[in-house]
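Visitor: got a predicted structure here, sequence first:
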Amino acid sequence: MISAQKTLNELSELIGFASVSSNDTQAQAIYNCAEWLVNHFKYIGIEHAGLYKTSSHPVVFAHHIIDPALPTILFYGHYDVQPADPVNKWHTRPFKAVIKGEYIYGRGASDDKGQMFIHIKAVEKLLRQKQLPVNVKFLIEGAEEIGSLGLKDFITINKNLLHCDAVVVSDTKMVSLKKPAITYSLRGSLNAELFISTGKKDLHSGTFGGYVPNAAIELSKFINKLYNSDHSIAITGFYDDVEKVSDEKRRFIKVNGVSDEKLLNDAEVFTAWGEKNYSLHERSTIRPSLSVTGITSGFQGKGVKNVIPSVASVKLNFRLVHNQKPEAVKRLFDDYARRMLTNTTVKTVYSSFNNPVTVAVSSPYIKAAATACENVFKNKPGFIQNGGTIGAVDYLNSILKVPVVLMGFAQASDNMHAPDEKFYLPNFFRGIDTIIKFIQNVALLNNKKHLHEAAYY
């Protein structure tokens, strides 16, 4: 018997590690979190667990093989988290889990420590009951929030170690608190940080103001040129590879997707924004996007310093759709920046080259997941597209060549990547029951050859 309170204590302990992958000063916290997971796997009865080096942070790999003839499920998750900034906007301490009402608060509660822990607890329950009917493997990385650095090479080198019949990922959202979802599409991603310079040094705004260029103004003008008046992206050739979505598919999305009203309510913004002639759900799933995620220039300290900045930078995030390639978008953006920023020096640094992914809903593993969701939630799951990116899904799908099941238990309102991140605890426990039911459903699929040849792309 597994105590609910004990499980919550363990989840709270896991959330307590400040495993921020983008911050080099948190390297020890990253390692401590990974080591905690290894020890926890051994505690629940999975002796084959360890840390594996990558070019970035270590991955945790664990496996429990009952019989090679049985189906093998690989559970993927990540133990790294986003920075807690701005810390002063939190109402709780980011790395001190707090339960308030039916929610647990803390960085990583939803993305992805809480969801990833669902897999572990489900397998633990079956192990303790001596009722685990399939082989299980776990791949938990520590660099997902920085583009899964090193993971592609790790998967390529360790294909045999990771061999499985299907991959399960719980790093996605439900339709609503009571309606589960199977995600069948993810957007790709490309991060760009552009630096411009208008001169060798900052200048006195009184002495030089009015006749020298200002890096902040030049960058602002460039950012404005990234969008057309209809809020589409102005980069030349950007839409050339974007797939035209059929009317039939758009009708399917309208029926199965999330309403504009709910999306605006989840976002807690004052008004909608974006490309015309598309619903908000379409804008965030089947259409690409370009977001400004940070701007820096001039004096940032308290008080006043009257200088004309000579340097400025902007962080940009592209989300890409089917047929778009990050490398091609990089070339288009480089060319556009050179043509638009003629009176400055320009340097751009790129990261997170992740392709869009679509998984086939025809896989029997998807059907096993849908049945499990309906059995536990008493509600048929929606089949939805997700505007986010999970680089590992692309790698696991293309390198291991197995179906990927995207079965998440989070909400869009969980404040992922923002202050006061939270996870709805009733769905945490329903998630455990759903994964157990999914495992049991997979065990009933006895034609393994048919399963392995299930369609995917």
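Guide: Done, it's in.
Visitor: elements contacting the top helix by length along the chain?
Guide: In terms of residue count, the longest helix belonging to the chain (DSSP state H) is helix 425-444. Contacts defined by 3 or more CB pairs under 8 Å, 6 or more residues apart in numbering; DSSP states H and E place helix 425-444 against helix 4-15, strand 103-105, helix 113-128, strand 166-169, helix 364-377. Bear in mind the C-beta positions are built from the backbone N, C-alpha and C, glycine included.
Visitor: okay if I get the ones you listed as CSV plus mean pLDDT, distance to Phe409 and mean neighbour count?
Guide: Conversion of the helices and strands packed on helix 425-444 to CSV gives the following (pLDDT from 0 to 100; distance: least, CB to CB, whole Å; neighbours: other CB atoms under 10 Å):
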stretch, mean pLDDT, distance to Phe409, mean neighbour count
helix 4-15, 98, 13, 17
strand 103-105, 98, 13, 21
helix 113-128, 98, 6, 23
strand 166-169, 98, 11, 26
helix 364-377, 97, 10, 21
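Visitor: would JSON lines of those with distance to Leu37 be doable?
Guide: Below are the helices and strands packed on helix 425-444 laid out as JSON lines (distance: least, CB to CB, whole Å):
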{"stretch": "helix 4-15", "distance to Leu37": "8"}
{"stretch": "strand 103-105", "distance to Leu37": "18"}
{"stretch": "helix 113-128", "distance to Leu37": "8"}
{"stretch": "strand 166-169", "distance to Leu37": "17"}
{"stretch": "helix 364-377", "distance to Leu37": "24"}
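Visitor: closest one to Glu275 among those?
Guide: Put simply, out of these the one that sits nearest Glu275 is strand 166-169, at 28.1 Å, with distance taken as CB to CB.
Visitor: what pLDDT does the residue of the chain most remote from its centre get?
Guide: Summary for the chain: using CA atoms, centre = their mean, the residue whose C-alpha lies farthest from the chain's mean C-alpha position is Thr207, with a distance of 48.2 Å. As summarised for this prediction, Thr207 has a pLDDT of 97.
Visitor: quick one: contacts for it?
Guide: Contacts for Thr207 (CB atoms under 8 Å, 6 or more residues apart in numbering) come out as none.
Visitor: and what of Leu400?
Guide: The contact partners of Leu400, taken as CB under 8 Å, 6+ apart, are 74, 155, 159, 162-164, 167.
Visitor: let's see 10 Å
Guide: 74, 155-156, 159, 162-167, 456 (CB atoms under 10 Å, 6 or more residues apart in numbering).
Visitor: I'd assumed Ile2 was in contact with Gln129.
Guide: Yes: in this structure, Gln129 is within contact of Ile2 by CB atoms under 10 Å, at 9.4 Å.
Visitor: and of the contacts of Leu400, the nearest to Leu316?
Guide: When the contacts of Leu400 are compared for distance to Leu316 (CB to CB), Ile155 comes out closest, at 27.6 Å.
Visitor: against Ile399, how distant is the closest one?
Guide: Using CB to CB, to the nearest Å, we find Ile155 at a distance of 5 Å from Ile399.
Visitor: out of the two, which sits in the more crowded spot?
Guide: Neighbour totals were compared for Ile155 and Ile399, and Ile155 leads with 22 against 14 (other CB atoms under 10 Å).
Visitor: next, give phi and psi for the more buried one.
Guide: When quoted as degrees, to the nearest 10, the phi and psi of Ile155 stand at phi -70, psi -40.
Visitor: distance check, it against Thr271.
Guide: From Ile155 across to Thr271, the span is 42 Å (CB to CB).
Visitor: quick one, domains of this protein?
Guide: For the chain, automatic domain parsing gives the domain ranges 4-186+356-452, 188-242+288-354.
Visitor: make a markdown table out of the ones you listed and add distance to Arg251.
Guide: Output for the domains of the chain, formatted as a markdown table (distance: least, CB to CB, whole Å):
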| stretch | distance to Arg251 |
| --- | --- |
| domain 4-186+356-452 | 13 |
| domain 188-242+288-354 | 18 |
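Visitor: out of the ones you listed, which is the most enclosed?
Guide: domain 4-186+356-452 (a mean of 20; mean count of other CB atoms under 10 Å).
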